[in-house]
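Undergrad: give me coordinates for this.
(chains A and B)
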Amino acid sequence: MSDNTAGSLRIGEVQSSYMAQARRRRLYSGIMLAIFVLLMVAGFQTAEDRNGGSFLGGIDNVFDYPAEVIAEAASKASELPGHLVHFFPALIETINIAAVSTLIGALGAILLSLLATRGMARYPRLIGVFRRVLDIMRAVPEIVIALVLIFILGGGPVPAMIAIAFHTVGALGKLFSEVNENADLKPLDGLASVGANWSQRMILGVVPQVAPNWLSYALLRFEINIRASAILGFVGAGGLGHELKVSIQWGQGKYDEAAAMFILLFLTIVFFDQLSSYARDKLVHGSNAGSH
Amino acid sequence: MLRIENLTKRFGENTAVDAANLKVDRPMMIGIIGRSGAGKSTLLRMLNRLTDVTEGKVWYGDLDVTALRGGDKRRWQSDCAMIFQQFNLVPRLDVVSNVLHGTLNARSTFATMFNLFPAADIYKAIEILDRLGIAEHAPKRAEALSGGQQQRVAIARALMQDPKIILADEPIASLDPMNAQIVMQALRRIHEEDGRTVIANLHTLDTARRYCDRVIGMRAGRIVFDGTADQLTTAMAREIYGADAQFSEKATSTEIGTLDRPTTQPITA
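TA: Reported below is the predicted structural model:
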């Protein structure tokens, strides 16, 4: 144990300086905690003051609406299977919008994320530009783009698809580029050393490393997009959202239909969640399960 | 003290450890040798309960280690320290914090979240680091240290547990010969000075011969040799490693001395 100069440095000094450092760190985390609690309390009071009603006064009414929906749906439970069949085509349209826009969005996100990642970018000087492009695409809410496009192109699934794909490029591009940053750059050096061009280096050096994570983010985005595409139905993009808008309004007596659509949406999300974990498992561990 | 009876681990159709029997009746330093995939790591991981056993028992005195669950299992793990080939430290935390992790079994989640380790433990951690010759690195991040230094931090974490047994899974396989020697000497010294049992997986024969009181040879999941280093003949070593007559002990050596061979063998590609 004599490969260094520990003897010259007295252990007491190390101990006291580390203790001082530890105390300082504890003080900082104590202050941070106090600020956090203070902000939460103050923020709650500000929000409560600006509230039209009262948070604590209204909190016991929160469950009135869901209770009414469930009560009405339960009283017409026998009609539920019929509703499920009736709305299934609308669900398919909603899922189709989500699937196409996720696919197009993911392809755009792959390209932009590679261009926006340090160490991989084709044009390193333009990294900032591509990052801002992703920021802009992410910042514009899809419902705004959909409203504008519906105004120009008329109602239907195409404006919704473009709107969701646009937003997806921004959202996935950022996540993909963070995945890319964690990729090992050594294979890229190896490929560059044999004279491979940029796209070859990306396809062979980056994609195999990051594909499982890309896939799981893309599938999560697909779930989000199913919901987004249902919501865009509210503004005239068709699919399940349009039907939901009609039946969810107060006093129509159609809560049984609304309940049927919520069940359909829930089952869809569960289905794709299971599918995505299965697909991801296959991709990460390979198809030959016996190898490990 | 430590008794292993018919310990077996199967992964699907593969049997990693096949009915291993072992008895340790006094503190000693044990080296387990064998090829990669012989079941050495699985055996150690079962002793620590990182891996569940398929069949068989591990006894420590009257304690049935294989039957422990939940908090009892974690208490056993804190009594049975483990050192890994790749050190398995938390790279972004400082060295002292990593050593203090040895006391986690006695700490609550709340105290851990706010990093509230008692001052006495912090002093003790730095004393252990000093004993291993790396006290001056105490405030650095673990990832900033060299491999040999990181392995000594891992040993310090193990010592902080004040364990009854120290298991070392290929502790020197990722280190250069110089650092390997320092780490092996540290383990030997812990055994001699503290009287703790040390069980180390080693894949080189000469390390086992040099540092261990007792050598256990494993091949394809079975214990095929159990005895002192002197009893280990070249024929037995060939049997353990499944090698033919060309095998010589020096070929597996990581010692500096054996690298100065007068003649070099031509490489046939």
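Undergrad: now stretch B:215-226: buried residues?
TA: Neighbour counts over stretch B:215-226 (16 or more other CB atoms under 10 Å in any protein chain shown) mark B:215, B:216, B:217, B:218, B:219, B:221, B:223, B:225, B:226 as buried. C-beta coordinates here come from the backbone N, C-alpha and C atoms, glycine included.
Undergrad: again with stretch A:145-154
TA: Residues of stretch A:145-154 classed as buried: A:145, A:146, A:147, A:149, A:150 (neighbour count, 16+ other CB under 10 Å).
Undergrad: what is the burial count for the residue of the stretch 1-150 of chain B found nearest chain A?
TA: Per CB to the nearest CB, residue B:133 is where the stretch 1-150 of chain B lies closest to chain A, at 4.0 Å. A count of nearby residues for residue B:133, using other CB atoms under 10 Å in any protein chain shown, gives 19.
Undergrad: and it, backbone torsions?
TA: In terms of degrees, to the nearest 10, the main-chain angles of residue B:133 are phi 80, psi 20.
Undergrad: check the one 5 residues further on too.
TA: When read as degrees, to the nearest 10, the backbone of residue B:138 gives phi -50, psi -50.
Undergrad: separation between it and residue B:159?
TA: 15 Å (CB to CB, to the nearest Å).
Undergrad: show me what from chain B comes close to chain A.
TA: By the rule CB under 8 Å from any CB of the partner chain, the part of chain B lying against chain A is B:11-12, B:96, B:114-117, B:119, B:122-123, B:126-127, B:130-136, B:138-139, B:178, B:182, B:185-186, B:189.
Undergrad: mind checking what secondary structure the nearest residue to residue B:214 once chain neighbours are set aside has?
TA: Spatially, and ignoring its direct neighbours in sequence, residue B:214 is nearest to residue B:30 (4.9 Å; CB to CB, 6 or more residues apart in numbering or on different chains). Using DSSP: H, G, I helix; E, B strand; the rest coil, the structure places residue B:30 in strand.
Undergrad: tell me the contacts of residue B:30?
TA: Contact analysis of residue B:30 by CB atoms under 8 Å, 6 or more residues apart in numbering or on different chains lists B:24, B:197, B:198, B:199, B:200, B:212, B:213, B:214, B:215, B:216.
Undergrad: 10 Å - rerun?
TA: Under the criterion of CB atoms under 10 Å, 6 or more residues apart in numbering or on different chains, the contact list for residue B:30 reads B:2, B:22, B:24, B:165, B:167, B:191, B:197-201, B:208, B:212-216, B:226.
Undergrad: ok, residue A:128 next?
TA: Residue A:128 sits next to residue A:116 when contact means CB under 10 Å, 6+ apart.
Undergrad: name the helix or strand for it, please.
TA: Here residue A:128 is covered by helix A:127-139, with elements defined by DSSP states H and E.
Undergrad: chain center to the very next helix or strand once past that helix, what's the gap?
TA: Going down the chain from helix A:127-139, the next helix or strand is helix A:142-153, by DSSP H and E. Distance, stretch centre to chain centre, for helix A:142-153: 22 Å (CA atoms, centre = their mean, to the nearest Å).
Undergrad: so what angle separates the directions of helix A:142-153 and helix A:127-139?
TA: Angle, helix A:142-153 to helix A:127-139, by axes from the mean of the first three to the mean of the last three CA atoms, to 10 degrees: 80 degrees.
Undergrad: which other residues reach helix A:142-153?
TA: Helix A:142-153 is contacted from outside by A:101, A:137, A:140-141, A:155-156, A:158-168, A:170-171, A:225, A:228-229, A:231-237, using CB under 10 Å, 6+ apart.
Undergrad: any of these buried? List them.
TA: Of the contacts of helix A:142-153, these count as buried by 16+ other CB under 10 Å: A:101, A:137, A:155, A:158-168, A:170-171, A:225, A:228-229, A:231-233, A:235-237.
Undergrad: count the neighbours of residue 78 for me.
TA: Picked chain A for this. When neighbours are counted by other CB under 10 Å, residue A:78 registers 8.
Undergrad: should've been chain B
TA: Using other CB under 10 Å: residue B:78 sits among 17 other residues.
Undergrad: quick one: secondary structure of it?
TA: Residue B:78 - assigned by three-state DSSP - is helix.
Undergrad: test my guess that it contacts residue B:105.
TA: Yes: checked against CB atoms under 10 Å, the pair residue B:78 and residue B:105 is within contact range at 3.6 Å.
Undergrad: what residues sit buried inside the strand or helix carrying residue B:41?
TA: Using DSSP H and E, residue B:41 sits in helix B:40-48. Within helix B:40-48, the residues that count as buried by 16+ other CB under 10 Å are B:40, B:41, B:42, B:43, B:44, B:45, B:46, B:47, B:48.
Undergrad: stretch B:180-192 too?
TA: Quick answer for stretch B:180-192 (16+ other CB under 10 Å): B:180, B:181, B:182, B:183, B:184, B:186, B:187, B:188, B:190, B:191.
Undergrad: which of those sits closest to residue B:59?
TA: Closest to residue B:59 out of the buried residues of stretch B:180-192 is residue B:191 (21.3 Å), distances taken as CB to CB.
Undergrad: my read is that closest one is in a strand, agree?
TA: No: Residue B:191 is assigned helix when assessed by three-state DSSP, not a strand.
Undergrad: what about it, distance to chain A?
TA: Computed with CB to the nearest CB, to the nearest Å, the distance linking residue B:191 and chain A is 15 Å.
Undergrad: please see if the one helix or strand residue A:35 maps to touches chain B.
TA: Per DSSP H and E, residue A:35 falls inside helix A:11-50. Yes: applying CB under 10 Å from any CB of the partner chain, one finds helix A:11-50 touching chain B at A:11-19, A:21-23, A:25-26, A:29-30, A:33.
Undergrad: show me the shaky parts of chain A.
TA: Residue ranges of chain A with pLDDT under 70: A:1-9, A:250-252, A:286-292.
Undergrad: domain boundaries for it, per the record?
TA: A:11-57, A:66-291 (automatic domain parsing).
Undergrad: could you dump these to TSV with distance to residue B:58?
TA: As requested, those are exported to TSV (distance: least, CB to CB, whole Å):
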stretch	distance to residue B:58
domain A:11-57	38
domain A:66-291	29
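Undergrad: which ones are touching residue B:79?
TA: Each residue near residue B:79 by CB under 10 Å, 6+ apart is listed here: B:48, B:60, B:63, B:65, B:105, B:161, B:162, B:163, B:164, B:165.
Undergrad: what about the helices in the stretch 151-292 of chain A?
TA: Remark: helices assigned in the stretch 151-292 of chain A by DSSP state H, counting those that start in this stretch are A:157-181, A:186-193, A:198-201, A:207-232, A:240-248, A:255-285.
Undergrad: tell me the one of the buried residues of stretch A:145-154 nearest residue A:81?
TA: Taking those together and measuring to residue A:81 by CB to CB, the closest member is residue A:146, at 32.2 Å.
Undergrad: ok, the residue lying closest to the closest one once chain neighbours are set aside - contacts?
TA: Of all residues not flanking residue A:146 in the chain, residue A:163 sits nearest, at 3.9 Å (CB to CB, 6+ apart). Neighbour list for residue A:163: A:97, A:101, A:140-150, A:228-229, A:232, A:235, A:237 [criterion: CB under 10 Å, 6+ apart].
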